[in-house]
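Undergrad: need a structure here:
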Amino acid sequence: MQMHHSYGKQAFEDDSCFLCGKCMDDENSVEHVFPKWLQNRYELWDQKVGLLNLSFLAYRQLTIPCCKACNNQHLSQLEGEVIAAVRGGFEKAVQLPSKTWYLWAGKIFYGLLRKELSLLLERSNPNRGTIATPEILESFSNLHLFMQGLRGRHKFIGDVPYSVLVCNLHEFGSLYDFRDNLFAFTLAIRMGEIGLIVSFEDGGLIRNSYEKYVDEVGGRKLHPIQFYELYAKVSYQVTLPQSPVYYWTQSHVDGHYIATTELAKSSMFLADWDQEEYVKLLRFHVSHCLAENSEVVFEPPDRVSSWMIDEKGELLLLSKEAWESLTQ
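TA: Predicted structure coming up:
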């Protein structure tokens, strides 16, 4: 069913706002996918982000069309809340509502795809089209609708379909890192001592599994390799459900009321966890943290290296000095 345009529409023209869909005419306003304050804080302007076609683009070039109302009002308020949380470190970040982190991460995840809609898949062959297609963007129409919460045009009733994990990290090496997984619909960002993982459409699966690990850690600091192992587990587990997440969304034909979405209650059946498949993700995410001549070990059928727990199956929580001694 076609929803009223006031609830936001997916518009893919260069002169249409990525969020509300409004045609901007001569407004010529853009939004940085990765906000300016983030780029300034971690000196990202000339660093590059990997795209779906395996090419790279500088952070400063990642801009998308955005009307002044969405940019200066709704997104500005969101960024203000996130800035305060990041400046306050983990103690402030963990207090920020999960909904705020979800919307902020959603803007980045969707914004990257929206940018790739305007970039050629192969510069030397324009006939091959763009990196992302309207069909790809349309497959994330639920996220786009839910992002209208930024404009006060949508809210969830009851359980939410996403999961947000906020971790306290030791600061080793680079203080910033970003990675996402289009197919698993997940995202991870490391900002100093703050580690953020968002699973956008898991029906609460991660809240009911790996959030328990984060709760048990109790705010104590993790090594970045533990954070990346956690992200590998999250990104693999969300591929296991055997049916999609279902929603009920109500809206008014003339757009008079806020659109509301309720998560449909249903049993979630998961495929069996396959360690051989999981270890591929684990190697991808943690290999850069390993010392020279070290590697992720997989011993069939199910023994895999882990830095989240020790050999006794207990939480592995060490001081920064202890971690440094292990890696020397």
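
Undergrad: where do the strands of the stretch 101-250 of the chain begin and end?
TA: Listed in chain order, the strands of the stretch 101-250 of the chain (DSSP state E, counting those that start in this stretch) span 154-157, 163-168, 176-181, 186-191, 194-199, 247-250.

Undergrad: out of the ones you listed, which comes closest to Pro301?
TA: strand 176-181 (25.3 Å; CB to CB). C-beta: built from backbone N, CA, C; applies to glycine.

Undergrad: now the angle from the closest one to strand 194-199?
TA: 10 degrees (axes from the mean of the first three to the mean of the last three CA atoms, to 10 degrees).

Undergrad: any idea of the mean pLDDT for strand 176-181?
TA: Averaged across strand 176-181, the pLDDT comes to 98.

Undergrad: now do stretch 59-75
TA: Across stretch 59-75, the per-residue pLDDT values average to 96.

Undergrad: stretch 306-325 too?
TA: With pLDDT averaged residue by residue, stretch 306-325 scores 93.

Undergrad: also stretch 16-35?
TA: Stretch 16-35 comes out at a mean pLDDT of 91.

Undergrad: what lies in contact with that stretch?
TA: 5, 8-11, 13, 15, 39, 44, 49, 59-60, 62-71, 74-75, 79, 82, 107-108, 110-112, 114-115, 147-148, 150-151, 178 (CB atoms under 8 Å, 6 or more residues apart in numbering).

Undergrad: let's go with 6 Å and repeat that
TA: Stretch 16-35 is contacted from outside by 8-9, 11, 15, 59, 62-68, 70-71, 79, 108, 111-112, 114, using CB atoms under 6 Å, 6 or more residues apart in numbering.

Undergrad: out of the strands of the stretch 101-250 of the chain, which comes closest to Glu299?
TA: strand 176-181 (25.9 Å).

Undergrad: now which of the contacts of stretch 16-35 would you call buried?
TA: Listed as buried from these are 8-9, 11, 59, 62, 64-67, 70-71, 79, 108, 111-112, 114; burial here means 16 or more other CB atoms under 10 Å.

Undergrad: closest to Gln250 among the residues you listed?
TA: Checking the buried ones among the contacts of stretch 16-35 against Gln250 by CB to CB gives Gly8 as the nearest, at 15.5 Å.

Undergrad: OK, contacts around the closest one?
TA: Going by CB under 6 Å, 6+ apart, the list of residues near Gly8 reads 20-21, 148.

Undergrad: picking that back up, could you identify the most distant pair in the buried ones among the contacts of stretch 16-35?
TA: Farthest pair in the buried ones among the contacts of stretch 16-35, by CB to CB: Lys9 and Tyr59, 27.9 Å.

Undergrad: name the single longest helix found in this structure.
TA: helix 98-116 (DSSP state H).

Undergrad: buried ones in that helix?
TA: Result for helix 98-116 [16+ other CB under 10 Å]: buried residues 100-116.

Undergrad: what's that helix packed up against?
TA: For helix 98-116, the packing partners by 3 or more CB pairs under 6 Å, 6 or more residues apart in numbering; DSSP states H and E come out as strand 63-65, helix 76-87, strand 163-168.

Undergrad: turn these into TSV, including distance to Leu240.
TA: TSV is the format used below for those (distance: least, CB to CB, whole Å):
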stretch	distance to Leu240
strand 63-65	32
helix 76-87	31
strand 163-168	14
